[in-house]
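**Q** sequence and predicted structure below; questions after.
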Protein chains: 2
Amino acid sequence: MAELTAEDRFLRSCRGQEVDRPPVWLMRQAGRYLPEYRAVRKGVSFLEMCRDIERAVTVSLQPIDLVGSEAVILFQDIFTPIPAMGVDFDFAPGPVMADPLRSAEQVAALRVPDPRESVPFVFEIIRTLRKALESRSIPLLGFAGAPFTLAAYMVEGSGSKDFASLKTMLHREPELLRELLATLTEMTVGYIDAQIEAGAQAVQLFDTWAGLLSPAEYREWIAPTHKEIIRRIRNDDTPFILYVNNGAHLVDQMADSGADVISLDWRAPLADAAERFGDRVSLQGNLDPCALAADPDSIRKRVQEMARDAGPARGFIANLGHGCLPSTPVEGVRAFTSAVRSLG
Amino acid sequence: MAELTAEDRFLRSCRGQEVDRPPVWLMRQAGRYLPEYRAVRKGVSFLEMCRDIERAVTVSLQPIDLVGSEAVILFQDIFTPIPAMGVDFDFAPGPVMADPLRSAEQVAALRVPDPRESVPFVFEIIRTLRKALESRSIPLLGFAGAPFTLAAYMVEGSGSKDFASLKTMLHREPELLRELLATLTEMTVGYIDAQIEAGAQAVQLFDTWAGLLSPAEYREWIAPTHKEIIRRIRNDDTPFILYVNNGAHLVDQMADSGADVISLDWRAPLADAAERFGDRVSLQGNLDPCALAADPDSIRKRVQEMARDAGPARGFIANLGHGCLPSTPVEGVRAFTSAVRSLG
């Protein structure tokens, strides 16, 4: 078929419509591995970067020309909408809560303000990006952290290997955790709606810590939050991508979430997902970011394998199985996007 | 059938022979969650504890009477045999290498001494434990860290979220990593052999970081090390247990390793493994250690579900899906062992 614009190729792939070849972008493509990102970031904290419209727009756009990415994702953090809920935190570098959420009073006190008023800069960044991208027909993605992942940080107080405090709440005060997840689900629906209204053409939900739970616990605690968010997003035409980190044991349930695209960790075999769920959902992923340390020929081979594995799926978006790392070589990222561009 | 001794029940379960009910023990059952452990540990470093025969024997035995465990595992660290290979490290609290292994010279310089000479205290602890346990007919387990997990720490220099340096070696200098794994496999075979010779009645191989790899990479890099170790252990009668942390995507390959028992992470559905591989291997696991924070009734229910899920397997050993945490409540551990004891 005729060559498509990046925007058409991406949106059609999400929806399972025919395309000329898979589109490509990378999670955390605007990040420290890029010298040009580090230059913009110099002298400002991560939180300041998130609120600085000019800087955030600049780094969001960098991966298009610097590494050949074909989609732009809003530069922002999953914790951006949290302070306005009445929760203090800092980055060190992951989120660290001044006061971990452990009591019924704390959970009851959480607010769900209109994000257009509480974090207006997010939507200003989206509007500015969309203007910059429209003439180039490059798609713009919004994103949000999923309720369980946000709750994990809020209850635990920071990142953790075991998230024992979070799981203690799950086992000892299930109703409290349920209330927290309900509040965060409410907040997330409004936050994503406002991003779509401002111009996001697709949205990705990041559930970084969902892989901590067993399939049975995920079914009880997490899957319902995904389903509710997806059902309630007002603009049904906007493709919804669900990413679960370390979720190889949860792929069946991800495919049942109602998402248009499920984004797989590198541990989940793409071929298997394509065969089992590829008629219902499009797939995104899933090269191990660390594989970008290999030589360009190996990367090209891996990309060809990936595309072949994803073959039976109705749509495929080439990406990593997790975000770019600070140590990811820029030439590896370029080899990755260039290998995808020469597919099909 | 008639009530068995703890030793018979455990060894028969490993081998898939009929038993009255599943045996129970817990990974890291000798640990900081026990006040009595903390009392013995007071004033000595973790490394000193490992080399102190009296203290190591004392804490190894504590879980029998304190929490009702039905098997004893040697108190020791997976890094115990590493210094004698010519590698300096310290605990802070995980292993931290003075000089991460990155060059061909460093890998070539590794020694594989006879463990009976380099870490004689390990076998003295085993002999002492065996003497103490024989009259009570309680089984004694030895253990070792798996080559990939040891290599992960040695190359990375410490624990890590992404193990990017290890994976960079895998992608850029595969032959070097292969040599390192071969040397560690050699060492591990000798180390396990010597433990069996000293009196270990079963052995468990811990591959804590194997879950970092995709199924295809695991097949290339890790599965061969497990198979070689299992094939080369001289005493074929000694049951071999293979534990892979975060290995829900690797269960098929674990079942093909030649191990008598595969020990599952809580993310891997026990019922599924029992149905698919239960005729060939016994299963061990797999309650989330964090679930021991629940009330005794919930724990009892979870134990009953576990036993039902494991039902089709030729043998089942009740355990956790990962080690006890410092925050694990002692009463939760007691509820767990007592629920298993009242099964069947």
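**A** On my side now, so go ahead.
**Q** residue boundaries of the strands in the stretch 101-250 of chain A?
**A** A:140-145, A:202-207, A:240-244 (DSSP state E, counting those that start in this stretch).
**Q** for chain B, which of the ones you listed is the nearest?
**A** Among the strands of the stretch 101-250 of chain A, the nearest to chain B by Cβ to the nearest Cβ is strand A:240-244 (11.9 Å). For glycine as for every other residue, the C-beta is placed from the backbone atoms N, C-alpha and C.
**Q** what is the mean pLDDT for the closest one?
**A** Here strand A:240-244 scores 98 as its mean pLDDT.
**Q** do it and chain B come into contact?
**A** No: on the criterion Cβ under 8 Å from any Cβ of the partner chain, strand A:240-244 is out of touch with chain B, staying 11.9 Å away.
**Q** strand partners (parallel or antiparallel) of that strand?
**A** Applying DSSP bridges, strand A:240-244 is found paired with strand A:202-207 (parallel), strand A:261-263 (parallel).
**Q** could you look up the SS state of A:Tyr33?
**A** For A:Tyr33, the secondary-structure state derived from DSSP: H, G, I helix; E, B strand; the rest coil is coil.
**Q** cool, the one 4 residues further on as well?
**A** When the structure is reduced to helix, strand and coil (three-state DSSP), A:Tyr37 reads as helix.
**Q** what residue ranges in chain A score low on pLDDT?
**A** For chain A, the stretches with pLDDT under 70 are A:235.
**Q** for it, what lies in contact range of chain B?
**A** Residues of chain A lying near chain B by Cβ under 8 Å from any Cβ: A:162-165, A:167-168, A:170-172, A:211, A:213-217, A:246, A:248-249, A:266-269, A:288-291, A:293-295, A:298, A:322, A:325, A:327.
**Q** stretch A:107-115: end-to-end distance?
**A** 19 Å (Cα to Cα, to the nearest Å).
**Q** what are the buried residues along it?
**A** A:107, A:110, A:112, A:115 (16 or more other Cβ atoms under 10 Å in any protein chain shown).
**Q** which of these fall in helices?
**A** A:107, A:115 (DSSP state H).
**Q** tell me the one of the buried residues of stretch A:107-115 nearest chain B?
**A** Nearest member of the buried residues of stretch A:107-115 to chain B, counting by Cβ to the nearest Cβ, is A:Val107, at 18.4 Å.
**Q** quick one, longest helix in chain A?
**A** Max-length helix for chain A by DSSP H is helix A:174-198.
**Q** what's the closest of the strands paired with strand A:240-244 to A:Ala318?
**A** strand A:261-263 (11.2 Å; Cβ to Cβ).
**Q** got the contact list for the closest one?
**A** The contact list for strand A:261-263 (Cβ atoms under 8 Å, 6 or more residues apart in numbering or on different chains) reads A:13-14, A:27, A:204, A:239-244, A:251, A:254-255, A:273, A:277, A:281-286, A:315, A:317, A:319.
**Q** mind running it again at 6 Å?
**A** A:14, A:241-243, A:254-255, A:281-282, A:284-285 (Cβ atoms under 6 Å, 6 or more residues apart in numbering or on different chains).
**Q** closest to chain B among those residues?
**A** Out of the contacts of strand A:261-263, the member with the shortest distance to chain B (by Cβ to the nearest Cβ) is A:Gly285, at 10.8 Å.
**Q** contacts only, for the closest one.
**A** Here A:Gly285 is in contact with A:263-264, A:319, A:321 (criterion: Cβ under 6 Å, 6+ apart).
**Q** out of the residues you listed, who's nearest A:Ser135?
**A** Looking across those and measuring by Cβ to Cβ, the closest to A:Ser135 is A:Asn319, at 24.6 Å.
**Q** which residue is the nearest non-sequential neighbour of that closest one?
**A** A:Gln284 (5.0 Å; Cβ to Cβ, 6 or more residues apart in numbering or on different chains).
**Q** could you point out the helix or strand that follows the helix or strand encompassing the one you found?
**A** If you go by DSSP states H and E, A:Gln284 is part of strand A:282-287. Per DSSP H and E, the first helix or strand lying C-terminal to strand A:282-287 is helix A:296-309.
**Q** flag every buried residue along that following helix.
**A** A:298-300, A:302-303, A:306-307, A:309.
**Q** ok, now stretch A:188-202?
**A** So stretch A:188-202, judged by 16+ other Cβ under 10 Å, has buried residues A:188-196, A:198-202.
**Q** tell me the most buried of the strands paired with strand A:240-244?
**A** strand A:261-263 (a mean of 27; mean count of other Cβ atoms under 10 Å in any protein chain shown).
**Q** need the contact list for the residue nearest to A:Gln29 when sequence neighbours are not counted.
**A** Take A:Gln29 and drop its neighbours on the chain: the residue closest to it by Cβ to Cβ, 6+ apart is A:Pro63, 4.0 Å away. Contact analysis of A:Pro63 by Cβ under 6 Å, 6+ apart lists A:29-30, A:69.
**Q** which ones are touching A:Cys290?
**A** B:164, B:167.
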